[in-house]
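**Student:** predicted structure and sequence below. I'll ask about it afterward.
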Amino acid sequence: MRLQLKPVLLGVAVVAIACMSIIALILTIVNRQKVELPNSTQYGMVFDAGSSHTALFLYQWPGNKENNTGIVSQTLTCDVKGDGISSYVTNPPGAGQSLRECLDIAMAIVPASQQRITPAYLGATAGMRLLSLQNKTQSDEILSEVTKTMQSYPFDFRGARIITGMEEGAYGWITINYLLERFIKYAFNGKWIHPKAGNIFGALDLGGASTQISFIPKDPVKDPQSAFDLQLYSYRYQLYTHSYLCYGKDQALKKLQAYLQKTTSTPSVVDHPCYHKGYNLTVKLGDIYDSPCVAKPTPYDPSVQVTFLGTGDSACCISLIEKIVNVTNCSLYPDCGFDGVYQPPVNGEFFAFSAYFYTFDFLGLAPRASLSHVNSTIESYCNKTWMTLVTEYPKVKEKYLRDYCCSAHYIMVILLKGYKFETSWDKISFQKQVADTDIGWTLGYMLNLTNLIPSDRPLVVTGVQTSQWAAEVFFIVFVLFLSLAVFTILCVWGPSS
Ligand SMILES: Nc1ncnc2c1ncn2[C@@H]1O[C@H](COP(=O)(O)OP(=O)(O)O)[C@@H](O)[C@H]1O
Ligand SMILES: [Ca+2]
């Protein structure tokens, strides 16, 4: 009896092992499919519809690692031809049409199988904010036209809207710190580490119609209107962020023209201290006073012309800018930026991008040039006559060339006297890109809306390595064969012996 029981028990054990192996094999294959789907590159795109122009940013990331950090990269940027979408007031369908060229380029890059799952957004900034203040119907019409165009493509269209100034500031800040892995870092030992809070960067964005400052202050933010609370990877941040509408460089320069024109005794020929000697610019009053950022004079005839004569007087230009920026008015709070806006003292390192970068880059300034070098470079550039400039830079567009001097002075006034970087100039880095990706609000916007930055810490295990999976399958199949072989031997030899 005892001798006959053994082969039976052995047979049962072998069958059990075989069954378990089959179940394990099925589970391994099913799990593999779950982990690997989707395993190809994922894409996402955002149109940055700025006041001066629109650009498309296409991003990509590995599909099976969406919970990781620092892995979304920029695949493509495409400049939309023409001016910003807010300039299409008399031809709203033209705003939609203008996006087609870049959308077609994106179609050629994103594989057909991925297009329907590729999220596509359009965010409009201060130009459209101003237009919606002036004429909401017109801005709505433009948004509906760009929506129509984007919906006519197979991408997963997720909205075209005007983003708030706070979002613009906060998403720029997220972009920088995400790219530099300041929120969370995947260490070699397989653990997620949280870099020290002090190493978080601030963001300085200078657009055409608005400008943003965002940073983590030393103390809690006093004014709830400029506090932006967020939780990323289980850590809470309280960001100070403010967007100054009408203080982008193009609107600020318009305000200078308006101020000069209104305060001169000869309103049709006006000296302009921020323009180069020998430069003159004739514009219609309608082109200066068309914006809600400048108060119209009374009486006012938009067709009347005014000529600005450049005098290249830096000292006079700076004091004029200080009047426009209003660096003294700070009544409500002890700590202020400019124009009476609450701002805690700046804290930590900053990246200055967009028009900050374009201006400094044109002047040949290094990302971290010293304050004295920056000042002397601006001074000597502004002292050049228009004739000299046109000869030195024959390929630079006139609209940029005439404004670099004025913009540079404007930048220095807002940074030093407005935000008060006088004692922390060396904390600012003027840069366009980090990790081959443009600095701006678009990446942060997409990361947030597609949940690519979770508010809680990511799960460590996101999938099984291919080699590990192959080894597991091989082992299970091997055990399966072995048990079947033993079972067969037992059946043939076991009971009869
Ligand atoms: N190559 C360049 N040189 C100088 N300024 C530039 C250059 N390219 C863009 N800019 C300026 O950068 C700013 C970009 O602002 P934009 O994003 O269009 O506006 P906003 O963010 O206020 O909606 C504009 O003032 C534009 O003139
Ligand atoms: Ca912008």
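**Tutor:** Perfect, I can see it now. Ligands and ions are numbered 1, 2, ... in the order given.
**Student:** what parts of the stretch 101-250 of the chain come near ligand 2?
**Tutor:** Proximity of the stretch 101-250 of the chain to ligand 2 (Cβ under 5 Å from the ion) is limited to residues residue 207. Yep, even glycine has a C-beta here, placed from its N, CA and C like the rest.
**Student:** got the contact list for the closest residue in space to residue 154 that isn't next to it in sequence?
**Tutor:** Spatial nearest neighbour of residue 154, excluding adjacent residues (Cβ to Cβ, 6 or more residues apart in numbering): residue 115 at 4.4 Å. Contacts for residue 115 were tallied using Cβ atoms under 8 Å, 6 or more residues apart in numbering; they are 107, 153-155.
**Student:** restricted to helices, list those.
**Tutor:** residue 107 (DSSP state H).
**Student:** now the buried members of the contacts of residue 115.
**Tutor:** The neighbour-count test (16 or more other Cβ atoms under 10 Å) marks 153, 155 as buried among the contacts of residue 115.
**Student:** gap between residue 43 and residue 437?
**Tutor:** 14 Å (Cβ to Cβ, to the nearest Å).
**Student:** next one: residue 175
**Tutor:** Counting by Cβ to Cβ, the gap from residue 175 to residue 437 is 8 Å.
**Student:** and these two? which has more neighbours close in?
**Tutor:** Set side by side, residue 175 and residue 437 show unequal neighbour counts under other Cβ atoms under 10 Å, the larger going to residue 175 at 26 against 21.
**Student:** Provide the secondary structure category for the more buried one.
**Tutor:** helix (DSSP: H, G, I helix; E, B strand; the rest coil).
**Student:** let me know the pLDDT of it.
**Tutor:** Among the per-residue scores, residue 175 holds a pLDDT of 97.
**Student:** likewise for residue 267?
**Tutor:** Taken from the predicted model, the pLDDT recorded for residue 267 is 82.
**Student:** circling back to that earlier point, overlap of the contact sets of residue 175 and residue 437?
**Tutor:** Overlap between the neighbourhoods of residue 175 and residue 437 consists of residue 443, taking contacts as Cβ under 8 Å, 6+ apart.
**Student:** just the terminal-to-terminal distance for stretch 61-75.
**Tutor:** Criterion Cα to Cα, to the nearest Å; first-to-last residue distance in stretch 61-75 is 9 Å.
**Student:** I misspoke; the intended subject was stretch 426-438.
**Tutor:** Between the start and the finish of stretch 426-438 there is a gap of 22 Å, counting by Cα to Cα.
**Student:** who's in contact with residue 351?
**Tutor:** Contact analysis of residue 351 by Cβ under 8 Å, 6+ apart lists 176, 201-204, 428-429, 431, 434, 439.
**Student:** leaving out sequence neighbours, find the closest residue to the spatially most central residue of the chain.
**Tutor:** Among the residues of the chain, residue 441 comes closest to the average C-alpha position under Cα atoms, centre = their mean, at 2.4 Å. Once its chain neighbours are removed from consideration, residue 441 has its nearest residue in residue 171; the separation is 3.8 Å (Cβ to Cβ, 6+ apart).
**Student:** so the one you found, which state does it fall into?
**Tutor:** For residue 171, the assignment made with three-state DSSP gives helix.
**Student:** surely it is in contact with residue 448?
**Tutor:** Yes. Counting by Cβ atoms under 8 Å, residue 171 sits close enough to residue 448 to count as a contact (6.8 Å).
**Student:** quick one: which of those two has more around it?
**Tutor:** Between residue 171 and residue 448, counting by other Cβ under 10 Å, residue 171 is the more crowded of the two (28 against 17).
**Student:** residue 241 versus the more buried one, what's the distance?
**Tutor:** With distances defined as Cβ to Cβ, the gap from residue 171 to residue 241 amounts to 10 Å.
**Student:** list the contacts of the longest strand belonging to the chain.
**Tutor:** Among the elements of the chain assigned as strand by DSSP state E, the one spanning the most residues is strand 235-245. Contacts made with strand 235-245 from outside it, assessed by Cβ under 8 Å, 6+ apart, are listed as 126, 129-130, 164-166, 168-170, 173, 183-184, 194, 200, 209-217, 220-221, 226-231, 293, 337-339, 341-344.
**Student:** before we move on, what about stretch 306-321?
**Tutor:** Applying Cβ under 8 Å, 6+ apart, the set of residues contacting stretch 306-321 is 252, 256-257, 259-261, 267-285, 288, 378-379, 382-386, 405-406, 409-410, 412-413.
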